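K.L.:
Quick one, what's the 3D model for this:
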Amino acid sequence: MIFSFFACAAQEIQAEDLVFCFHCNADINYDGEKIQCAFSRDAPGRASVQFLSGNLNGLTYDWSGENFSISYSGISAKSEECVLPDTSFAVILLQILDYSEKSETLVKTHGDEVSGSMNGVDFTMTADRTTGQIQTICVPQRNLEVQLHDFTQ
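P.N.:
Predicted coordinates for the structure are as follows:
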């Protein structure tokens with residue numbers, strides 16, 4: 001009877017189970033500022049962040065894999081390189097996701113949490129053990145906490 005209980009218990013999430021391509025909403029707590037945005041990531045270097053709250057509501061950052069663009073209220077500017085500073089929450093988030101998708105960069109910590117370190121910056125992620133969807137990303141050294149929810153893909 002004990003064997004069947006353990007056989008039916010849900011397995012803990014493993015790093016290779018994480019889903020790195022998705023479309024969702026994100027609640028960002030960055031250096032004490034709360035930001036809501038729509039976030040999508042289709043592949044390494046291909047992502048979009050659209051602000052849904054505050055004074056920047058409607059502002060969109062887009063990485064196409066070849067170019068970077070910023071758009072707001074029908075006006076858009078494109079460049080070959082990302083013009084955002086490395087301290088931008090969006091840049092930090094994308095760098096961590098791109099880095100984490102590479103094999104063997106994440107370590108299983110406990111439960112549904114994995115951790116990693118990129119250029120001396122430690123971070124953790126939690127994920128849904130059934131779907132593999134990343135639920136939280138925490139980067140204490142950058143004062144960044146991200147909660148991902150309402151996935152559409």
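K.L.:
Compute the number of surrounding residues for the closest residue to residue 151 other than its chain neighbours.
P.N.:
In space, and not counting its chain neighbours, residue 151 is closest to residue 24: 4.5 Å by Cβ to Cβ, 6 or more residues apart in numbering. C-beta here means a position set from N, CA and C on the backbone, and glycine is covered the same way. If you count neighbours by other Cβ atoms under 10 Å, residue 24 ends up with 19.
K.L.:
Name the residues of the host helix or strand of residue 24 that are buried.
P.N.:
Per DSSP states H and E, residue 24 falls inside strand 22-30. Neighbour-count burial for strand 22-30 flags 22, 24-28, 30 (criterion: 16 or more other Cβ atoms under 10 Å).
K.L.:
Tabulate those residues (a markdown table), appending pLDDT.
P.N.:
Below are the buried residues of strand 22-30 laid out as a markdown table (pLDDT from 0 to 100):
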| residue | pLDDT |
| --- | --- |
| 22 | 96 |
| 24 | 97 |
| 25 | 98 |
| 26 | 98 |
| 27 | 98 |
| 28 | 97 |
| 30 | 96 |
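K.L.:
just to revisit the earlier point, and the strand holding residue 24, how far out from the chain's middle?
P.N.:
Using Cα atoms, centre = their mean, to the nearest Å, the mean C-alpha position of strand 22-30 is found 7 Å from that of the whole chain.
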